[in-house]
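what follows is a protein structure lacking sequence information:
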């Protein structure tokens, strides 16, 4: 989560810095020196920052890894339940454990926040447990939906005499929903960073840190609400539409429409003045 958050934050900061400096932000460090300007290597910072979202684990892979870690305990129990080596009574016990996990996800109580907290952070410290419980309920509802979908397809295949081996398991199908996983990982990341930020600012007791923590938590809360809205609008029907249009794009179905006015990359040498060696 630290790598995921830091790399995204750095790209946003570098992009905003380049925008504020205008042409000087886009210009290279050497070019600024030659013109006698106070050289600041913003364009180099931007290129280096963008690499951070790729190197040491791409953001899309890290998001999948974060979600796998959050659901690790749950998936371990599910794999035991689906293991054919276990007898019926063992599977019933594992099923009860899964049911308990689902119930706890929906009924997880808010932690006690009645403690001395800086006034600026009181609303965030009070709201964080509520947001965490909201996130747990989201994950539980999505996982329940995957199990219901799996059971429905199994019954349909069984009634029609088809093999059920081709039906993706609930955990496998959930991992394939990359857009949903991305939004969930972003929510978990912001909740984690908000918690750490509040703790650090409260321990310092400095007004500047408290103000910055308040500002960050306010903005992070707004971003979390946007992610929830995007999850709500991104239904399974929308996923099927995106998948269909994505395959059409790969098959060059839209190429004649999208690329009809694009100029070629080749430019004749006559357009460029010759430079003497």
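Looks like it arrived, so ask away. Only a predicted model underlies this, so the values are computations on that prediction, with no experimental measurement involved. Numbers count the residues shown, from 1 in each chain.

now for the chain, the helix or strand with the poorest mean pLDDT.
For the chain, the helix or strand with the lowest mean confidence is helix 88-107, at a mean of 63 (criterion: mean pLDDT, DSSP states H and E).

next secondary structure after that helix?
With elements assigned by DSSP states H and E, the helix or strand that comes after helix 88-107 is helix 122-160.

next SSE downstream of that next one?
For helix 122-160, the following helix or strand on the C-terminal side (DSSP H and E) is helix 170-176.

mean confidence for that following helix?
With pLDDT averaged residue by residue, helix 170-176 scores 78.

now it: buried residues?
Along helix 170-176, these residues count as buried under the neighbour rule (16 or more other C-beta atoms under 10 Å): 170, 171, 173, 174. Where C-beta positions appear, they are placed from N, C-alpha and C, glycine not excepted.

tabulate those residues (CSV), appending distance to residue 119.
Putting the buried residues of helix 170-176 into CSV (distance: C-beta to C-beta, whole Å) gives the following:
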residue, distance to residue 119
170, 45
171, 44
173, 46
174, 41
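
what is the burial count for residue 194?
Using other C-beta atoms under 10 Å, the number of residues around residue 194 comes to 23.

any idea how far it lies from residue 218?
Distance of residue 194 to residue 218, computed by C-beta to C-beta, to the nearest Å: 10 Å.

now do residue 130
Between residue 130 and residue 218 the distance is 15 Å, computed by C-beta to C-beta.

which parts of this structure belong to which domain?
1-57, 109-245 (automatic domain parsing).

wait, which of the ones you listed is closest to residue 271?
Among the domains of the chain, the nearest to residue 271 by C-beta to C-beta is domain 1-57 (21.6 Å).

show me how far that closest one is from its chain's centre.
For domain 1-57, the distance from its own C-alpha centre to the chain's C-alpha centre is 23 Å (C-alpha atoms, centre = their mean, to the nearest Å).

straight-line length of that domain, end to end?
Across domain 1-57, the terminal residues are separated by 12 Å (C-alpha to C-alpha, to the nearest Å).
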